[in-house]
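*Asks:* show me the folded form of this:
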Amino acid sequence: MRSATYRTMALFAFMSVVDSTSANLEIELKQQKADENVLKSQLEMARRDATTAYNNAKKFYEDDPIMQAEKIKNLGESSIAWDNFIEKTCLFESIESLGTRAEETSKLNCLIKKYKSKTEYYLNSL
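*Replies:* Just a heads-up that it's a prediction; the model follows:
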């Protein structure tokens, strides 16, 4: 009888720990989702800033009569290549967290950093 009571108490204690762990995990997942949403907004802004800086550089070269078409063509091609490079680099840099909850956060942080770098390049090239 005593061992049945101890088993029942142990089972209840185990279930309590599982419920508590599950609740904590749910809280962590909600917080992570909120953090990712903030990062996605920051990424959207970083991409928009890079596009604006690119358009300003393009406008600058449109006003340059020397080899105008060639410069604009090269600028456009390099921007596309740069975007591809950013995407591939960030996939590579986030490989350590592949399959973990940190994977998306790691990738988003990388993308934000790289697009800000692209923006700075265009701003400093004028």
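
*Asks:* so which bits of stretch 62-72 are buried?
*Replies:* Buried residues in stretch 62-72, counting neighbours by 16 or more other CB atoms under 10 Å, are found at K71, I72. Every residue, glycine included, has its C-beta placed from N, CA and C.

*Asks:* show the average pLDDT along it.
*Replies:* Averaged over stretch 62-72, pLDDT sits at 84.

*Asks:* distance between it and the chain's centre?
*Replies:* 35 Å (CA atoms, centre = their mean, to the nearest Å).

*Asks:* tell me the first helix or strand C-terminal of the lowest-mean-pLDDT helix or strand in the chain.
*Replies:* Ranking every helix and strand in the chain by mean pLDDT, DSSP states H and E puts helix 2-62 at the bottom, with a mean of 82. Later in the chain than helix 2-62, the nearest helix or strand by DSSP states H and E is helix 68-93.

*Asks:* off-centre distance for the next helix or strand after that next one?
*Replies:* Using DSSP H and E, the helix or strand that follows helix 68-93 towards the C-terminus is helix 103-125. Taking CA atoms, centre = their mean, one finds the center of helix 103-125 at 9 Å from the center of the full chain.

*Asks:* C-alpha coordinates for helix 103-125, CSV please?
*Replies:* Coordinates of each C-alpha in helix 103-125 appear next as CSV, following Å, rounded to 0.1, in the frame of the first residue of the first chain:
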residue,chain,number,x,y,z
GLU,A,103,18.2,29.3,-36.7
GLU,A,104,15.8,32.0,-37.9
THR,A,105,17.1,34.6,-35.4
SER,A,106,20.6,34.0,-36.5
LYS,A,107,19.7,34.3,-40.2
LEU,A,108,17.7,37.5,-39.6
ASN,A,109,20.5,39.2,-37.6
CYS,A,110,22.9,38.4,-40.4
LEU,A,111,20.6,39.7,-43.1
ILE,A,112,20.1,43.0,-41.2
LYS,A,113,23.8,43.4,-40.7
LYS,A,114,24.6,42.8,-44.4
TYR,A,115,21.9,45.0,-45.8
LYS,A,116,23.0,47.8,-43.5
SER,A,117,26.5,47.3,-44.9
LYS,A,118,25.2,47.6,-48.4
THR,A,119,23.4,50.8,-47.6
GLU,A,120,26.6,52.3,-46.1
TYR,A,121,28.5,51.4,-49.2
TYR,A,122,26.1,53.2,-51.5
LEU,A,123,25.9,56.2,-49.1
ASN,A,124,29.7,56.4,-49.0
SER,A,125,30.1,56.0,-52.8
